[in-house]
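Q: what's the 3D shape of this:
(one chain, ligands or ions: 1)
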Amino acid sequence: MFTSPSRSMSRWLFWSAGIVASYVLLAWLVLGVRSTEIVLWPSAAVAAFALITRGPSMVPAVLLASWVSNYLLLGWGLQASLIIAAGDALGPLLGWWVLRRRPARWQEFQTTSDAIWFIAAMGMMAAAVSAAVGATAAAFYGIGHTPLTPDLGVQWWVTDMTSIVVLTPAAALLRALSWEEMKASLHWETVLAPLLALVGTLLTYTMPTGQSALPIGLASLVFLPLLWTAMRLPLAVSASLNALIAVVIVTATVLHHGPMYSMLGSDRFVSMQIILLAMAAALLLAGLLANERSQALKQVRDINATLEKKVNRRTAALQIAQATTQAQLRFQESLLNALPNPVAFSDPQGRFTRVNVAFNLLVGLGGPEIHGRTGTQILGTTLGRIWEEMDHELLSGSQQATREAPYLHPDHEPTVWILNKALVRDAVSRQIVGVVTSMQDITALKQLQQQLSEDEQRFRFLAEESPVPLVITRTTDAALLFSNKAADALFRGSYAQYAGQSMRHLWGDSVSRDQLLQRLQREGGVVRGMEAQFRRFDGTEVWLLLSVTRGRYRDDDALIFAFKDITEVKARESELRNLAYTDTLTGIPNRRYFMARAAAELRRAQREGTPFAVLALDIDRFKLVNDQLGHQTGDAVIRCFAQTCMQQLRGQDLCGRLGGDEFAILLPQTNRQVAFDVAQRLRLAIQEASCLPPASQIGMTLTTSIGIAEFLPISSISDSDELLDRADQALYRAKESGRNRVEIWTAEPGAPV
Ligand SMILES: Nc1nc2c(ncn2[C@@H]2O[C@H](COP(=O)(O)OP(=O)(O)OP(=O)(O)O)[C@@H](O)[C@H]2O)c(=O)[nH]1
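A: Residues are numbered from 1 along each chain as shown. Presented below is the predicted three-dimensional model:
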């Protein structure tokens with residue numbers, strides 16, 4: 001918190017003035033009554049009090065107060081007064097400094113060792129210093145030159161120490177305590193006990209003075225409530241009370257009252273102070289011991305409270321755990337009973353310990369009738385024996401056991417079950433505590449399996465004996481899984497020989513196989529009417545019509561093939577196709593094929609802008625050959641003519657028989673000059689070929705006339721018939737001009753070529 005300098009200065013002035021006033025007032029009270037013999041009794045206590053509460057800033061006030069009291073009130077010399085004042089400030093300052101070296105004790109002042117430290121630091125040392133300085137100054141400069149004797153020093157020291165020990169603990173404690181703590185400790189004892197002690201003290205001091213032991217005895221009774229207070233009340237209260245009673249005693253004595261008065265005199269006075277000192281120290285220690293004890297008790301109470309809390313917590317946790325366990329047990333119980341499968345627990349001796357409702361229903365017995373009995377006793381000999389064998393297996397080492405077993409139901413219905421057994425171990429010790437068995441009814445499954453196997457046998461018979469060749473291969477690797485007798489005959493190899501082997505190599509080409517797989521994918525797993533060529537096991541080729549479906553065969557994804565041999569059909573087809581385009585007499589393309597090719601060539605030439613030529617050929621006077629040598633020889637001549645032409649042509653050229661003795665030749669990418677050369681070469685080759693029998697009665701040579709028509713990209717010709725027509729016109733001109741000639745078509749007959 002911020003404190004302004006002027007405010008702290010005024011506070012300092014206030015405290016300084018207060019300290020000076022208290023010091024001077026006490027000095028006046030004490031010294032005003034008995035002047036010279038009594039040392040300034042409360043001086044050291046006021047100085048120590050000032051330093052404890054406000055610190056060294058009070059030193060000037062202490063110096064001033066001491067000097068005023070010694071010089072003005074006591075009438076000692078100036079030097080002596082100054083030295084005594086310095087001693088009064090220096091002693092408590094030293095004690096204060098030593099006490100500050102132990103900050104914990106300075107702050108709390110709660111244990112007995114704190115009190116010992118306080119007495120040692122503030123009492124003995126501070127009082128010793130101020131007494132030594134004060135007695136020396138008094139001896140040298142004091143009134144009447146009091147001799148410096150040990151007695152003076154001891155008397156001074158005891159006086160100062162008494163005042164410090166009796167009065168100043170209250171200051172230290174008040175400084176450490178907060179106002180809230182003070183209020184909290186205020187109860188009837190705090191008020192009543194000090195009140196009793198005070199009243200007792202006052203009553204004692206109203207008694208007549210004298211040497212009688214009675215007043216002293218009575219006075220000492222005062223200390224009983226005081227001691228009790230010290231033991232029961234906060235340390236600050238007992239220390240303050242101690243100081244108050246001490247002031248009352250001293251004041252009464254100084255004012256010639258009470259039992260102590262008769263003891264006055266130098267020695268007696270010191271005795272009294274020693275008694276006070278002892279009393280103060282005893283009370284202080286009693287208070288501190290009580291404080292320590294109450295603190296220890298509080299600690300024990302705290303520990304007890306903590307332990308109690310822990311125990312409560314543990315108890316609550318145990319209760320929760322117990323509740324959870326019970327809830328879990330209830331859950332397990334209901335879960336077990338909710339299971340449709342019979343479940344049973346048995347001990348290591350095979351006696352049932354617990355079963356669920358499904359088990360009760362299975363055997364037609366309630367829990368109490370089952371518990372404690374064995375497998376054979378409850379389940380009959382067949383299932384019971386298997387049950388006990390499995391238990392034995394498990395208990396002699398295997399981890400889990402599964403078996404199939406028949407069971408004759410109490411209502412005589414035969415059933416089949418799967419038994420699953422496992423060991424039950426203790427969660428903590430891992431000791432085997434029994435066996436758990438769960439049962440599953442597989443009667444319906446078994447019936448289905450039976451039916452399926454009968455169905456399969458029927459299917460196998462049908463498939464085996466079917467006249468349709470059937471083959472089943474595995475989808476992944478085309479391994480042969482099944483083939484019937486008809487398929488074995490078709491492929492010329494038996495299933496027994498090739499079972500499990502890949503059938504991929506039977507396909508004529510991999511393209512058809514890939515096509516089949518794609519179609520299966522596309523057409524939902526069924527492909528009908530696909531034609532493909534296959535290779536038999538002996539290497540011969542065969543055309544087959546396929547119907548294929550995807551399916552399962554035993555444990556595999558499979559392709560099921562049904563075949564029809566179409567080799568003959570395909571051969572006939574091919575023959576027919578050839579017949580349609582081939583001239584049967586010569587084996588070269590017929591008119592239809594030639595004209596189709598000529599049309600295609602025309603389109604190509606138009607597209608690419610290249611020329612081509614068509615030659616029309618006709619055997620000269622062939623009628624004579626027929627007439628003179630016969631029709632058969634005529635046929636042979638025609639065949640020879642065709643072969644001679646074919647020999648003269650390039651691979652890309654095409655020679656066709658248009659009918660009778662007429663032929664045509666297509667010369668792609670050929671202009672009229674080259675065509676003319678080719679035609680001449682042909683003409684000569686025919687002339688030189690020995691197509692006519694050597695001993696020909698007609699004495700003639702076989703010749704041919706040739707007409708040429710050229711297609712130019714710029715020409716107006718738009719179909720091949722027109723072009724062939726032009727070649728025919730040129731041929732006609734060659735015949736006209738005497739035969740065995742080559743003519744090129746021109747627009748005007750006789751126009752230059
Ligand atoms: N041997 C045989 N003769 C055929 C065949 N086709 C047509 N002929 C005959 O071939 C002859 C063709 O005669 P043409 O072309 O009219 O006359 P040509 O005797 O050759 O006289 P030019 O052509 O004018 O030189 C006819 O007598 C037909 O009967 C055939 O396939 N075989």
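Q: domain parsing for this structure?
A: For the chain, whose domains are defined here by automatic domain parsing, the residue ranges read 17-176, 177-293, 339-441, 448-571, 582-744.
Q: Regarding residue 419, what is its secondary structure?
A: Here residue 419 is recorded as strand under DSSP: H, G, I helix; E, B strand; the rest coil.
Q: mean pLDDT for the domains of the chain: which is lowest?
A: Lowest mean pLDDT within the domains of the chain: domain 177-293, a mean of 68.
Q: Point me to the residue of this structure nearest the ligand.
A: Per CB to the nearest ligand atom, residue 634 is where the chain lies closest to the ligand, at 2.4 Å. From N, CA and C alone the C-beta is placed, and that goes for glycine too.
Q: Would you quantify the distance from that residue to residue 625?
A: 5 Å (CB to CB, to the nearest Å).
Q: Between these two, tell me which one has more neighbours.
A: Per other CB atoms under 10 Å, whichever of residue 634 and residue 625 has more neighbours is residue 625, with 25 against 20.
Q: coming back round to it: any idea which of the domains of the chain is most buried?
A: Highest mean neighbour count of the domains of the chain: domain 17-176, a mean of 21 (counted as mean count of other CB atoms under 10 Å).
Q: And that domain, how far out from the chain middle?
A: Distance of domain 17-176 from the chain centroid (CA atoms, centre = their mean, to the nearest Å) equals 76 Å.
Q: Next: stretch 226-233.
A: With CA atoms, centre = their mean, you get 67 Å for stretch 226-233.
Q: ditto for stretch 473-489
A: Relative to its parent chain, stretch 473-489 has a centroid offset of 51 Å by CA atoms, centre = their mean.
Q: Other residues contacting that stretch?
A: Identification of contacts with stretch 473-489 by CB atoms under 8 Å, 6 or more residues apart in numbering yields 463-472, 491, 494-495, 498-504, 550, 553-554, 556-559, 561, 563.
Q: can we see that at 7 Å?
A: The contact list for stretch 473-489 (CB atoms under 7 Å, 6 or more residues apart in numbering) reads 463-464, 466-472, 494-495, 498-504, 553, 556-559, 563.
Q: Sort out for me which of these are in helices.
A: Judged by DSSP state H, helices contain the following of the contacts of stretch 473-489: 463, 464, 495, 498.
Q: is it possible to export these to TSV including distance to residue 479?
A: Below are the ones in helices among the contacts of stretch 473-489 laid out as TSV (distance: CB to CB, whole Å):
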residue	distance to residue 479
463	18
464	19
495	12
498	9
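Q: I'd like these written out as a markdown table, with distance to the ligand added.
A: Putting those into a markdown table (distance: CB to the nearest ligand atom, whole Å) gives the following:
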| residue | distance to the ligand |
| --- | --- |
| 463 | 56 |
| 464 | 57 |
| 495 | 55 |
| 498 | 54 |
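Q: Out of the residues you listed, which is nearest to residue 186?
A: Comparing the ones in helices among the contacts of stretch 473-489 against residue 186 with CB to CB picks out residue 463 as the nearest, at 113.0 Å.
Q: Not counting sequence-adjacent ones, nearest residue to residue 276?
A: Spatially, and ignoring its direct neighbours in sequence, residue 276 is nearest to residue 162 (5.2 Å; CB to CB, 6 or more residues apart in numbering).
Q: and the gap between that neighbour and residue 235?
A: 19 Å.
Q: and stretch 559-572, how far from the chain's centre?
A: 62 Å.
Q: ditto for stretch 700-711
A: Relative to its chain's centre, stretch 700-711 lies at 95 Å (CA atoms, centre = their mean).
Q: again, but for stretch 302-317
A: Computed by CA atoms, centre = their mean, the chain-centroid distance of stretch 302-317 equals 37 Å.
Q: buried sites along that stretch?
A: Within stretch 302-317, no residue counts as buried by 16 or more other CB atoms under 10 Å.
Q: helix, strand or coil for residue 739?
A: Applying three-state DSSP: residue 739 is coil.
Q: hang on, isn't it packed against residue 620?
A: Yes - taking CB atoms under 7 Å as the definition, residue 739 is a contact partner of residue 620 at 4.3 Å.
Q: quick one: which helix or strand includes residue 349?
A: For residue 349, there is no helix or strand it lies in under DSSP states H and E.
Q: Next, work out how far apart it and residue 453 are.
A: 41 Å.
Q: before we move on, what about residue 459?
A: In terms of CB to CB, residue 459 sits 11 Å off from residue 453.
Q: now residue 660
A: Residue 660 is 74 Å from residue 453, by CB to CB.
Q: what ranges do the helices span in the stretch 401-550 of the chain?
A: With DSSP state H, counting those that start in this stretch as the criterion, the stretch 401-550 of the chain has helices at 443-465, 485-491, 495-498, 510-522.
Q: how about the domains of the chain in TSV, adding distance to residue 320?
A: Shown next, in TSV, are those (distance: least, CB to CB, whole Å):
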stretch	distance to residue 320
domain 17-176	43
domain 177-293	39
domain 339-441	19
domain 448-571	51
domain 582-744	96
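Q: So residue 124 is in contact with residue 161, correct?
A: Yes - with contact defined as CB under 7 Å, residue 124 and residue 161 form a contacting pair (6.3 Å).
Q: which secondary structure elements does the helix or strand hosting residue 291 contact?
A: Here residue 291 sits within helix 266-338, counting by DSSP H and E. Contacts defined by 3 or more CB pairs under 7 Å, 6 or more residues apart in numbering; DSSP states H and E place helix 266-338 against helix 112-118, helix 150-176, helix 223-232, helix 235-254.
Q: Which one, of the ones you listed, ends up nearest to residue 294?
A: helix 223-232 (9.1 Å).
Q: measure stretch 333-350 end to end?
A: 21 Å (CA to CA, to the nearest Å).
Q: And the contacts of it?
A: Against stretch 333-350 from outside (CB under 7 Å, 6+ apart): 352-359, 362, 374-375, 388, 391, 395, 424, 432, 434-440.
Q: Please repeat the previous calculation with a cut-off of 8 Å.
A: For stretch 333-350, contacts defined as CB under 8 Å, 6+ apart pick out 352-359, 361-362, 370, 374-375, 388, 391, 395, 424, 432-441.
Q: What of stretch 410-417?
A: With contacts defined as CB under 8 Å, 6+ apart, stretch 410-417 is touched by 363-364, 383, 404-409, 439-443, 445-446.
Q: for the closest residue in space to residue 280 that isn't next to it in sequence, what are its contacts?
A: For residue 280, ignoring the flanking residues on the chain, the nearest one in space by CB to CB, 6+ apart is residue 166 at 4.3 Å. Taking CB under 8 Å, 6+ apart as the contact definition, residue 166 lies against 45, 242, 243, 246, 276, 277, 280.
Q: Touching, the second one and residue 284? I think so.
A: Yes - here residue 242 reaches residue 284: they are 7.3 Å apart, a contact under CB atoms under 8 Å.
Q: shared neighbours of those two, anything?
A: 169, 230.
Q: is it true that residue 388 touches residue 374?
A: Yes - counting by CB under 8 Å, residue 388 touches residue 374, with 6.9 Å between them.
Q: Give me the phi and psi for the closest residue to residue 605 other than its chain neighbours.
A: Nearest residue to residue 605, sequence neighbours excluded (CB to CB, 6+ apart): residue 612, at 5.1 Å. The phi and psi torsions at residue 612 (degrees, to the nearest 10) take the values phi -150, psi 170.
Q: Ok, the one 4 residues further on next?
A: Listed backbone geometry of residue 616 is phi -110, psi 130, with angles given as degrees, to the nearest 10.
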